[in-house]
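Enquirer: My questions are about this predicted structure, shown below with the sequence.
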Amino acid sequence: MSDAAQHASPQPDAAPVWSTVAEGDLTLDDHEALAAMLARTFDAYDHWYAGARSWAGMQPELRVVARDGDVVVAHAGLRRQFVTVGETDLLVTAVGMVAVSPTAQGTGLGGALLRHVDAALERLGSRFGLLETGEAVQGFYRGAGWLPLGDTSGNAVTGHYTAFSADGAGVLVSQDEGWLIREVSATAAEWPDGDIRWNGQMV
């Protein structure tokens, strides 16, 4: 669910107000505004974002938010968590729910959002950012410095995670493409070899 911010061309007419907010500092009104924007942007998942439920998988630790007045126009969620890569337990910052409101797409807001995500990754201090996204929008992330994962032979890396439905049922998913990392305090050469196993839900 990280593919709704792909359009990044001209700048918006009025600059939004950006904030990076710890999850515990969000108010009920904040969650309702975030949920409304995410439901509009990810319409296939709008049943998740009801009322003040502003997350679909793992609840974020930190949010990057842009507002136009009281309206949320861009968002990304970040959370530090361990994944197992091959035989290595690795602390990463998972990034998800990367979204620009449909009314603001194509204004350059997506590129600005990823720059604010970079600053949030530095703040959280893990060695890598990690996200999964569809093939159609990988170019957007690569243009902002995210790198596709592959083994030393150039083969795609498979990620394994549990996907939950809105009623709580879980199913194991194995995803063979779309895994991207962002170098923070380590280089891609230091990423371990092997498939990824999420020790918890994805953001």
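Expert: Nice, thanks for sending it over.

Enquirer: quick one: residue 163 from residue 63, how far?
Expert: Counting by CB to CB, to the nearest Å, the gap from residue 163 to residue 63 is 22 Å. For every residue, glycine as well, the C-beta is placed using N, CA and C.

Enquirer: Those two: which has the busier surroundings?
Expert: Using other CB atoms under 10 Å, the more surrounded residue of residue 163 and residue 63 is residue 63, with 24 against 14.

Enquirer: Run a quick neighbour tally on residue 186.
Expert: Neighbours of residue 186 using other CB under 10 Å come to 13.

Enquirer: hang on, residue 99 packs against residue 73?
Expert: No. Counting by CB atoms under 8 Å, residue 99 stays clear of residue 73, with 9.4 Å between them.

Enquirer: who touches both of these two?
Expert: Shared contacts of residue 99 and residue 73, defined by CB atoms under 8 Å, 6 or more residues apart in numbering, comprise residue 37.

Enquirer: low pLDDT regions in this protein?
Expert: 1-14, 151-154, 166-168 (pLDDT under 70).

Enquirer: the helices in it, which residues?
Expert: Using DSSP state H, the helices of the chain run over 28-41, 109-124, 138-143.

Enquirer: outside of the first one, which residues touch it?
Expert: I take that to be helix 28-41. Residues from elsewhere that reach helix 28-41 (CB under 8 Å, 6+ apart): 4, 21, 26, 45-46, 48-54, 56, 63, 65, 67, 70-73, 75, 97, 99-102.

Enquirer: Just those residues: which are in strands?
Expert: Within the contacts of helix 28-41, membership in strands is found for 21, 63, 65, 67, 71, 72, 73, 75, 97, 99, 100, as judged by DSSP state E.

Enquirer: ok now do the residue nearest to the fourth one when sequence neighbours are not counted, which residues does it touch?
Expert: Counting by CB to CB, 6 or more residues apart in numbering, residue 17 is the residue found nearest to residue 67 once chain neighbours are left out, at 5.1 Å. Applying CB under 8 Å, 6+ apart to residue 17 gives the contacts 66, 67, 68.

Enquirer: Next, format those residues as a markdown table and append neighbour count and distance to residue 122.
Expert: Listed next are the contacts of residue 17 as a markdown table, based on neighbours: other CB atoms under 10 Å; distance: CB to CB, whole Å:
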| residue | neighbour count | distance to residue 122 |
| --- | --- | --- |
| 66 | 24 | 18 |
| 67 | 17 | 22 |
| 68 | 17 | 26 |
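
Enquirer: Closest one of those residues to residue 132?
Expert: residue 66 (22.6 Å; CB to CB).

Enquirer: Out of the contacts of helix 28-41, which end up buried?
Expert: Neighbour-count burial (16 or more other CB atoms under 10 Å) applied to these gives 4, 21, 26, 48-49, 52-54, 56, 63, 65, 67, 72-73, 75, 97, 99-101.

Enquirer: before we move on, back to that, relative to residue 66, how far out is the residue nearest to residue 67?
Expert: In terms of CB to CB, residue 17 sits 7 Å off from residue 66.

Enquirer: show me the residues around residue 178 that make contact.
Expert: Here residue 178 is in contact with 132, 133, 134, 135, 138 (CB under 8 Å, 6+ apart).
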